[in-house]
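A.B. asks: this one's structure only:
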Ligand code: CP
């Protein structure tokens, strides 16, 4: 089957994780995103498809790319948008998540985009309100729109991802991006190798049908795409127990300029934010081999597609 679908009946109210989406669902979202990506290149990159919708962006955790690209996607589609940030909300006065979402829902909203440090919060919200819920990252569980924009970016390079060799390198244990990518990439038929320190490689990853390597050179020699992951210091507690130092981590698992010469074919991705000099040398992030800013641009189009489909839209 090719990496494109048409005339597909998309039948989801929420996007909680890619575990709930079939291969055909994922291909359909990516297909729709291609149309929105073209709209973003127009002189006036706007469509009125969400002009009767009200969306709240509910962020309990810091974000730059996800929060801004969701907001931009919503505004590009004409939605009414309100932004909630826990740091300046009544959460600080002790209001519960359930009370917060039920109060916001009383103001008549159609969709909620939520980021929270606790896994399962998007699922919980589906039990509290009628609105469509979009997971913008829940703890170390899933970050489905990130994986969708990652796969979209890989499709721009390789079209069909079946049999493509994708390496995901770094902090596997604490990453929600890797979980959504493993699920999505395996559904699209890609080969996936996870590479990182043993202390950041949980045994359960084998259940996702991926391979594991502890050797960066071997991994970079093999792959078509190398996606480096941020060391998630905020989720690790005491990072010094997991690897001796960030300098040593970079020595063993950081992508360096010398790798670009040695292995001339692989492209470099990173979901951001990058720790320059840790996951990769700064010059690697800025090199022509990196498609990191393409990922960010594509994130707006992918989020437009998801918002559109979950609002009950038909094809663009
Ligand atoms: N990739 C990603 O989720 O980045 P932000 O934390 O800036 O949203």
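C.D. replies: Arrived safely. Since the model is a prediction, treat every value here as computed from it, not as a measurement.
A.B. asks: Now the residue nearest the centre of the chain: which helix or strand?
C.D. replies: Central residue of the chain (C-alpha atoms, centre = their mean): residue 146, 1.2 Å from the mean position. Here residue 146, judged by DSSP states H and E, is contained in helix 144-158.
A.B. asks: Then residue 31?
C.D. replies: Taking DSSP H and E as the criterion, residue 31 maps to helix 23-40.
A.B. asks: what comes up buried for that helix?
C.D. replies: 25-34, 36-37, 39-40 (16 or more other C-beta atoms under 10 Å). Quick note: C-beta positions are derived from backbone N, CA and C, even for glycine.
A.B. asks: Compile the residues you listed into JSON lines and extend it with columns for pLDDT.
C.D. replies: Formatted as JSON lines, the buried residues of helix 23-40 follow (pLDDT from 0 to 100):
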{"residue": "25", "pLDDT": "97"}
{"residue": "26", "pLDDT": "98"}
{"residue": "27", "pLDDT": "97"}
{"residue": "28", "pLDDT": "97"}
{"residue": "29", "pLDDT": "98"}
{"residue": "30", "pLDDT": "98"}
{"residue": "31", "pLDDT": "97"}
{"residue": "32", "pLDDT": "96"}
{"residue": "33", "pLDDT": "98"}
{"residue": "34", "pLDDT": "98"}
{"residue": "36", "pLDDT": "97"}
{"residue": "37", "pLDDT": "98"}
{"residue": "39", "pLDDT": "97"}
{"residue": "40", "pLDDT": "96"}
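A.B. asks: got a markdown table for those, with distance to the ligand too?
C.D. replies: Below are the buried residues of helix 23-40 laid out as a markdown table (distance: C-beta to the nearest ligand atom, whole Å):
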| residue | distance to the ligand |
| --- | --- |
| 25 | 21 |
| 26 | 18 |
| 27 | 22 |
| 28 | 23 |
| 29 | 18 |
| 30 | 18 |
| 31 | 23 |
| 32 | 21 |
| 33 | 16 |
| 34 | 21 |
| 36 | 19 |
| 37 | 18 |
| 39 | 22 |
| 40 | 18 |
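A.B. asks: got a list of what residue 163 touches?
C.D. replies: When contacts are counted by C-beta atoms under 8 Å, 6 or more residues apart in numbering, residue 163 touches 189, 190, 191.
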